[in-house]
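J.: Sharing a sequence plus its predicted fold:
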Amino acid sequence: MSTPTSEPEIRRVDRILAFTALGLIAASILGFVSIMIGTANGMDEAAFAEGAWPYIASILYWGPPLAFALIVTLLVMSFVRKGRAASRS
């Protein structure tokens, strides 16, 4: 029989990092699709420079790198936590 291993519990900060990364990726995908739809409807560069479009474009620009950094941070924190739990037992 195998002995039950006690997994370290998931902390609140881990969930916040994971869902923030997921939200940034989802917002980036939705922004990309909305820009594609706007372009298909005949919008030009001048139309994308006003209204909410600059904010949507900034989410497209900054969202994926920030989400990647959050995922890497989450992985490092998880490896450190599991390493500490393994050294205690």
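T.: Cool, got the structure.

J.: need the longest helix for the protein.
T.: Taking DSSP state H as the criterion, the chain has its longest helix at helix 53-88.

J.: Name the residues of that helix that are buried.
T.: Of the residues in helix 53-88, 53, 56, 59-60, 63-64, 66-67, 70-71, 74 count as buried by neighbour count, 16 or more other CB atoms under 10 Å. Any C-beta I mention is one placed from the backbone N, CA and C, and that applies to glycine too.

J.: Now distance to A40 too, for those, in TSV please.
T.: Formatted as TSV, those follow (distance: CB to CB, whole Å):
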residue	distance to A40
W53	15
I56	15
I59	20
L60	17
G63	22
P64	22
L66	28
A67	26
L70	32
I71	31
L74	36
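
J.: right, and out of those residues, which lies closest to R12?
T.: R12 has its nearest neighbour among these in L74, at 12.5 Å by CB to CB.

J.: what residue ranges in the chain score low on pLDDT?
T.: Residues of the chain that meet the criterion pLDDT under 70 lie in 1-8.
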